[in-house]
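Chemist: Quick one, structure for this:
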Amino acid sequence: MTYPFINIWAVLVAALLFWVLGALWYSPLLFSKRWQKEVGFKEEEISKTNMAMVFGTSFLLMLFMVWALNFVINSHKPEQVSMQLGMMYGLFVGFFFSMLTMGINYLYQRRSIVLWLIDGVYVMLGLGIAGMILGGWR
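Modeler: Numbering: from 1, shown residues only. Down below sits the predicted model:
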C-alpha cells in the first residue's frame, strides 16, 4: 500500500483555520446566542466549563479530520489535485458524512433543525476550507 502525499504544514494550517472558523461561528458575532438557546445552555453552565480542555480537544479532533481528508484528496495523481478538487471533497465529506450523520443523531435526540444547521453547516464549511488548503498547498 502506498500512502498519499502529506504536507504536514497544510494539514496544521487547515486544522487551525477550521478551529478559527469555529471560534467565529460560535461567537457572539454569529451564532453563540442561538446555539446556546438550542442546546439549552445557560451562561453559568458555560462559565464552569474547562474551556482550555474543550478548545484543545476540539483542535486535536479537527486535526484528525483534516489529516483523514488529506488521504481522500491526495488519493489522486498529483497533477489532478487542485484547490477546487480539495474544496469539492471537503464539502462533499462535510455534507454527506458529517452533516447527515449529525442529522440522524439529532433526529433521535429530538434536537431542532436550527441546531442541526448551525452545527452541520459549520463542519461542512470547515472541511471545505480545509480541503481548499490541502488541495492548493502543494
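Chemist: For the rest of this, base every contact and every neighbour count on C-alpha atoms.
Modeler: Noted.
Chemist: And the contacts of the helix or strand bottoming out on mean pLDDT in the chain?
Modeler: Scoring the helices and strands of the chain by mean pLDDT, DSSP states H and E places helix 43-47 at the bottom, with a mean of 83. For helix 43-47, there are no external contacting residues (C-alpha atoms under 8 Å, 6 or more residues apart in numbering).
Chemist: tell me which strands and helices whichever helix or strand comes after that helix is in contact with?
Modeler: Downstream of helix 43-47, the next assigned helix or strand under DSSP states H and E is helix 51-73. Under the contact definition 3 or more C-alpha pairs under 8 Å, 6 or more residues apart in numbering; DSSP states H and E, helix 51-73 sits against helix 8-25, helix 83-93, helix 113-136.
Chemist: rerun at 6 Å
Modeler: Helix 51-73 sits against no helix or strand, with contacts defined as 3 or more C-alpha pairs under 6 Å, 6 or more residues apart in numbering; DSSP states H and E.
Chemist: buried sites along that helix?
Modeler: By neighbour count with 16 or more other C-alpha atoms under 10 Å, helix 51-73 contains the buried residues 59, 62-63, 66-67, 69-70, 72-73.
Chemist: And the average pLDDT for stretch 68-88 is what?
Modeler: For stretch 68-88, the mean pLDDT works out to 93.
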